[in-house]
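Asks: Quick one, what's the 3D model for this:
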Amino acid sequence: MKKICPLEKPKKIKGAKEYTKILWRHFSSFIRQRDAGICFTCGKKCSGKGYHAGHFIPVGANGGHTLRFDERNVHGQCYNCNINLGGNGAEYHRLMVERYGQKVVDDLFKMKNHPTKWGSTMFAEKIKYYFIKSKYFSKKYV
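Replies: As a prediction, this is how the structure comes out:
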């Protein structure tokens, strides 16, 4: 049975919480595929439930939807770095500056102080975008 984009199903989506859950499924799949099973902070090779999409600036830091789903703010992380080490923040920060530069890191922190909320149209666009992007990466790299 061919898997289809959830927006193509006749199911009614109720509220931001459900949209966030659906988007996270596709977004995190894309992130883990993009980073090819390598932990951003320690470099360990991981797979399955031991491989997460970890946030540089945590979701609970009030960054709203934009920061939660910003590709620069989320990278593949092993279970140990993401959960046991609480994101391995010092190393994450050092590697973020190395990869993106201090300006991008500063911009992400500014976004944290100006949270945004999305409506159903924005969620629908992002879900479709990451559904397609994750399928492209799964065919290209797996």
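Asks: quick one, strands of this structure?
Replies: Assigned by DSSP state E, the strands in the chain fall at 51-55, 74-78.
Asks: Ile127 contacts Ile22, correct?
Replies: Yes. With contacts counted by CB atoms under 8 Å, Ile127 reaches Ile22, the gap being 5.6 Å. For glycine as for every other residue, the C-beta is placed from the backbone atoms N, C-alpha and C.
Asks: so where's this protein uncertain?
Replies: Along the chain, the parts satisfying pLDDT under 70 run over 1-11, 13, 62-63, 138-142.
Asks: redo that, cut-off 80
Replies: 1-14, 60-64, 136-142 (pLDDT under 80).
Asks: hey, where'd the helices end up in it?
Replies: Secondary structure of the chain, counting by DSSP state H: helices at 15-34, 64-68, 79, 89-100, 102-112, 120-141.
Asks: Please name whichever of those is nearest to His55.
Replies: Closest to His55 of the helices of the chain is helix 64-68 (CB to CB; 7.3 Å).
Asks: For the closest one, output the C-alpha coordinates as PDB.
Replies: What follows is helix 64-68, C-alpha atoms only, in PDB (Å, rounded to 0.1, in the frame of the first residue of the first chain):
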ATOM      1  CA  GLY A  64       7.200  29.300  18.600                       C
ATOM      2  CA  HIS A  65       6.700  27.200  15.500                       C
ATOM      3  CA  THR A  66       9.200  29.000  13.300                       C
ATOM      4  CA  LEU A  67      12.200  28.100  15.600                       C
ATOM      5  CA  ARG A  68      10.900  24.600  16.300                       C
END
